[in-house]
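In: Let's see this in three dimensions:
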Amino acid sequence: MEKPIINITYCPKCGWLLRSAYMAQEILTTFVDELKGVTLLPSETSGVFTITVNEKLIFDRKQMQRFPEIKELKQLIRDEVNPCMNLGHSDVKQG
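Out: As a prediction, this is how the structure comes out:
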């Protein structure tokens with residue numbers, strides 16, 4: 001099975017390039033062996049900030065009315081690419 005690709009689509013007019021690049025760095029650092037890569041895609045539509053795993057939408061800023069926290073984003077990606085992966089201190093503790 002081919003490793004997944006994460007796409008971060010962002011609005012460059014809104015100044016979200018640095019936020020997107022930071023998230024890409026965090027994702028690549030955490031999922032070294034699980035991902036083929038992370039792609040930053042500037043949107044021509046204002047206000048767009050979405051994150052997909054192999055084209056499956058996992059986060060949409062407009063739907064959620066906020067940006068994802070890094071911890072939350074890593075959990076969403078982990079659940080798609082390797083549900084058994086332990087994220088260490090940033091993992092949700094199951095009771």
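In: Show me the strands in the protein, by range?
Out: 5-10, 37-42, 49-53, 56-60 (DSSP state E).
In: Share the number of residues neighbouring the nearest residue in space to Asn54 that is not next to it in sequence, please.
Out: Leaving aside its chain neighbours, Asn54 sits nearest to Pro4 (4.7 Å; criterion: Cβ to Cβ, 6 or more residues apart in numbering). Yep, even glycine has a C-beta here, placed from its N, CA and C like the rest. Neighbours of Pro4 under the rule other Cβ atoms under 10 Å: 19.
In: what does Thr30 give?
Out: Thr30, neighbours per other Cβ under 10 Å, totals 18.
In: Roughly how far does it sit from Gln75?
Out: 10 Å (Cβ to Cβ, to the nearest Å).
In: joint contacts of these two?
Out: Contact criterion Cβ atoms under 8 Å, 6 or more residues apart in numbering; residues bridging Thr30 and Gln75 by contacting each: Leu87.
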